[in-house]
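Participant: coordinates only, sequence not included:
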């Protein structure tokens, strides 16, 4: 079940809101209903957010994103449509029950911190628990734990006036974490921060999410921030959601010209990852094989080196070089285990392209791409990385969208069997 579900949401301010909604459903525009004296802030918004997902709503000023987030916790009542929190339609519950839902299920982090100046850092972090009626000892303990999570240990007794902007926002984040709610709404939470501090807060949010697994709806006007944080992104324009998709989907398959223009200047090296450009590892060497088997394969392929992986688990053990294989054959070794060099250039499949250049330049071989279990899932030859960068430059100049490896069925068919060999050609070649 979705943690949050919006179904046909409309929010119209001003006179004759019901008439405006009816006209919008019949195809009228924002400008059309403005003649009624109505302002359509959100028009027919529908989406689902799964538990543990970071769902980013992105748009320019006036697109309706901040109005939308305030409807998700009932701060603003929808003119039409429904909002479901863990399956509960908050439009059809009493005010007392809505307040309870806010206390228990939803917390919010604001753009301008919203700290109480007369309360200490720990008291601010504990404020939501105070409202919930949690006893003093427990709420201070939970607040201190949250402050430690966001890196503010030792600052508990300071006041907001003694903190930097970044530290104030950390207190706001700690307050939301201390509340213990599963759903966090973050409205332009990092927009008021300096660029460097903003990047640090983004890093911290990603790090916290990996362990806390909250459901986060994050509002931003910054596309790079959206691409960096979001598991999925909803792009809004003039009150409507015009596209929902992953960062890769929005970048490489924009729904319309507006989205295409919006993403034209995005730093793709900070969005796309090794998984998007890697080539299938077509051959693998069984790490437990004998040197004669390895020598035969490498000679057949005219390769100077080969990656070695486990026969069953496909974990990357390292690389073997031709001269070492020849010497092992001469010695009569029964296994190549002793000549596997573990010092092989490898990157995780989620590594951003921007972070591939240094290891690629330092490695004489294509970069091995591994997953969380250290299994070899592909390779990134230097020429492939450079070709990807060249295609990004072309996008900026022409507006066309380069093909990106998204794991097609054809790629799956080319995946190696455990008895095959990943052949590594000489420096700079392709695997």
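Facilitator: Cool, got the structure. From a predicted model like this one, the values you see are computed outputs, not experimental measurements.
Participant: ok, and what's touching stretch 182-198?
Facilitator: Stretch 182-198 has contacts (CB atoms under 8 Å, 6 or more residues apart in numbering) with 3-4, 51, 66, 69-70, 72-73, 85, 105-113, 164-166, 169, 172-173, 176, 201-202, 214-222, 225. C-beta coordinates here come from the backbone N, C-alpha and C atoms, glycine included.
Participant: can you check stretch 233-242 too?
Facilitator: Contacts for stretch 233-242 (CB under 8 Å, 6+ apart): 30, 40-47, 55-60, 62-65, 68, 226-227, 243-247, 250, 255-256, 258-259, 262.
Participant: swap the cut-off to 7 Å and go again
Facilitator: 30, 40-45, 47, 55-59, 63-65, 226, 243-245, 247, 250, 255-256, 258-259, 262 (CB atoms under 7 Å, 6 or more residues apart in numbering).
Participant: okay, how far is it across it, tip to tip?
Facilitator: 11 Å (CA to CA, to the nearest Å).
Participant: also stretch 284-304?
Facilitator: End residues of stretch 284-304 are separated by 14 Å (CA to CA).
Participant: and what of stretch 11-19?
Facilitator: 12 Å.
Participant: next, the buried residues of that stretch.
Facilitator: 11, 12, 17 (16 or more other CB atoms under 10 Å).
Participant: and that stretch, how far out from the chain middle?
Facilitator: Taking CA atoms, centre = their mean, to the nearest Å, the mean C-alpha location of stretch 11-19 is offset from the chain mean by 36 Å.
Participant: equivalent analysis for stretch 263-281, please.
Facilitator: Distance, centroid of stretch 263-281 to centroid of chain: 13 Å (CA atoms, centre = their mean).
Participant: now do stretch 134-149
Facilitator: 29 Å.
Participant: how about it, which residues are buried there?
Facilitator: Buried residues in stretch 134-149 (16+ other CB under 10 Å): 134, 139, 140, 142, 143, 144, 146, 147, 149.
Participant: is the first one in a helix, a strand, or coil?
Facilitator: Pointing back at residue 134 there. coil (DSSP: H, G, I helix; E, B strand; the rest coil).
Participant: find the nearest non-adjacent residue to it, please.
Facilitator: Excluding its sequence neighbours, the residue lying closest to residue 134 (CB to CB, 6 or more residues apart in numbering) is residue 142, at 7.6 Å.
Participant: can I get the buried residues of stretch 11-19 in TSV including distance to residue 183, secondary structure and pLDDT?
Facilitator: As requested, those are exported to TSV (distance: CB to CB, whole Å; DSSP: H, G, I helix; E, B strand; the rest coil; pLDDT from 0 to 100):
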residue	distance to residue 183	secondary structure	pLDDT
11	20	strand	96
12	25	strand	96
17	27	helix	93
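Participant: wait, residue 105 touches residue 85, no?
Facilitator: Yes - using CB atoms under 7 Å, residue 105 is in contact with residue 85, at 5.8 Å.
Participant: more neighbours, these two?
Facilitator: residue 85 (23 against 20; other CB atoms under 10 Å).
Participant: residue ranges with poor pLDDT in the stretch 201-350 of the chain?
Facilitator: Applying pLDDT under 70 to the stretch 201-350 of the chain flags no residue at all.
Participant: and residue 203, how many neighbours does it have?
Facilitator: So residue 203, with other CB under 10 Å, has 11 neighbours.
Participant: now the helix or strand harbouring it: buried residues?
Facilitator: Here residue 203 sits within helix 195-212, counting by DSSP states H and E. Using 16+ other CB under 10 Å as the burial criterion, the residues of helix 195-212 that qualify are 197, 198, 200, 201, 202, 204, 205, 208, 209.
Participant: and residue 122, what element?
Facilitator: Going by DSSP H and E, residue 122 is part of helix 121-125.
Participant: buried ones in the helix or strand hosting residue 100, by neighbour count?
Facilitator: In this assignment (DSSP H and E), residue 100 forms part of helix 95-105. The neighbour-count check on helix 95-105 (16+ other CB under 10 Å) flags 98, 101, 102, 103, 105 as buried.
Participant: cool, stretch 148-163 as well?
Facilitator: Those buried within stretch 148-163 under the rule 16+ other CB under 10 Å are 149, 150, 152, 155, 156, 159, 160, 163.
Participant: can you list the buried residues in stretch 260-268?
Facilitator: Quick answer for stretch 260-268 (16+ other CB under 10 Å): 260, 262, 263, 266, 268.
Participant: tell me the contacts of the second one?
Facilitator: Put plainly, it is residue 262. Applying CB under 7 Å, 6+ apart to residue 262 gives the contacts 223, 235.
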